[in-house]
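1. Sequence and predicted model, in that order:
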Amino acid sequence: MFGKDHHTDDSFNIRTMLTFCMLAFICGCNTPGAPESIMTPAVKMPEWLYRVESEHLNKSMTDEEKMRFVISLALENVDRGTGGPFGAAIFEIATGKLVAAGVNSVVPANQSWAHAEMTAFARAQMLRQSFALKGCMLVTSCEPCAMCFGATPWSGVEQMLYGAPGDFAREIGFDEGDKVSDWHSALEKRGIKVTGPMLPDEAKVPFTLYHQKTGKIY
């Protein structure tokens with residue numbers, strides 16, 4: 001007498017439990033404040049940069065060639081409207097070969113940290129699968145701002161070569177932040193050799209072009 005009712009009740013209970021589980025899952029996925037994976041947005045570099053980077057990966061460069069390379073990145077970035085007038089790259093000290101390149105992508109990426117030095121650090125660390133860029137040098141088209149100056153020791157690079165003095169960036173309105181007046185010595189004390197300004201007249205050209213194009217200042 002109880003057999004049929006018993007099985008019916010069991011079937012009903014199983015269906016009810018499954019229904020409640022599905023509802024709980026659906027509600028949990030759509031309820032504001034429900035736990036989700038938190039991801040930091042990646043900054044996509046311009047497509048032209050990947051082409052230029054790949055063309056130079058196996059070429060050994062002198063310091064002047066390295067500087068002209070990053071200045072050309074800054075100029076290309078402005079000319080194509082893909083970011084600010086700054087370019088940077090990471091090179092192997094021993095071979096002079098390019099490891100990774102970066103440009104300023106603050107405006108297109110809507111990321112305040114996406115300066116040329118920072119994107120170069122990030123790409124080189126990703127490619128090397130290491131947060132410490134030992135045996136490498138940073139080459140940047142302009143003296144680093146306060147943020148990039150602060151990030152340089154933590155990047156692991158052992159040398160820095162820069163082009164334009166920071167005043168060139170300030171002249172067209174960029175806020176370079178505050179850093180110690182003798183910032184060269186501060187990095188030298190951390191074991192990072194600093195050279196610059198190098199080719200400052202050539203390094204000023206991207207700023208002039210950016211100003212003429214009324215690029216966004218931040």
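-> Cool, got the structure.
2. Can you pull out the low-pLDDT segments for the protein?
-> 1-36 (pLDDT under 70).
3. how about 50 then?
-> Within the chain, the stretches with pLDDT under 50 are 1-31, 34.
4. At the geometric centre of it, which residue sits there?
-> Central residue of the chain (Cα atoms, centre = their mean): Thr119, 2.1 Å from the mean position.
5. now it: how far from Ala42?
-> Using Cβ to Cβ, to the nearest Å, one gets 11 Å for the distance from Thr119 to Ala42. C-beta here means a position set from N, CA and C on the backbone, and glycine is covered the same way.
6. again, but for Ala169
-> Where Ala42 is concerned, Ala169 sits at a distance of 26 Å (Cβ to Cβ).
7. The two: which has the busier surroundings?
-> The residue with more neighbours, out of Ala169 and Ala42, is Ala169; 24 against 10, by other Cβ atoms under 10 Å.
8. residues touching the residue found closest to Val205 once you drop the neighbours it is linked to in the chain, list them.
-> Distance criterion Cβ to Cβ, 6 or more residues apart in numbering; nearest residue to Val205, sequence neighbours excluded, is Leu75 at 6.2 Å. Residues near Leu75 by Cβ atoms under 8 Å, 6 or more residues apart in numbering: Pro85, Gly87, Val205, Pro206, Leu209.
9. Remind me which helix or strand Leu75 belongs to.
-> Under DSSP states H and E, the secondary-structure element containing Leu75 is helix 63-79.
10. What is the burial count for Ser72?
-> Based on other Cβ under 10 Å, the number of other residues close to Ser72 is 16.
11. contacting residues around the residue lying closest to it once chain neighbours are set aside?
-> Closest residue to Ser72 apart from its sequence neighbours, by Cβ to Cβ, 6+ apart: Gly87 at 7.2 Å. The contact partners of Gly87, by Cβ under 8 Å, 6+ apart, come to 69-77, 101-104, 116, 140-141, 206.
12. what's the distance between Glu171 and Met198?
-> Relative to Met198, Glu171 is positioned 19 Å away (Cβ to Cβ).
13. Among the two, which residue is more densely surrounded?
-> Remark: of Glu171 and Met198, Met198 carries more neighbours, 19 against 13, as counted by other Cβ under 10 Å.
14. looking at it, that one is touching Ala164, isn't it?
-> No. Between Met198 and Ala164 there is no contact under Cβ atoms under 8 Å: 9.1 Å.
15. and Thr40, helix, strand or coil?
-> Under DSSP: H, G, I helix; E, B strand; the rest coil, Thr40 falls in the coil class.
16. I'd like to know how many residues surround it.
-> Count around Thr40 with other Cβ under 10 Å applied: 6.
17. Equivalent analysis for the one 10 residues further on, please.
-> Other residues lying near Tyr50 total 12 when counted by other Cβ under 10 Å.
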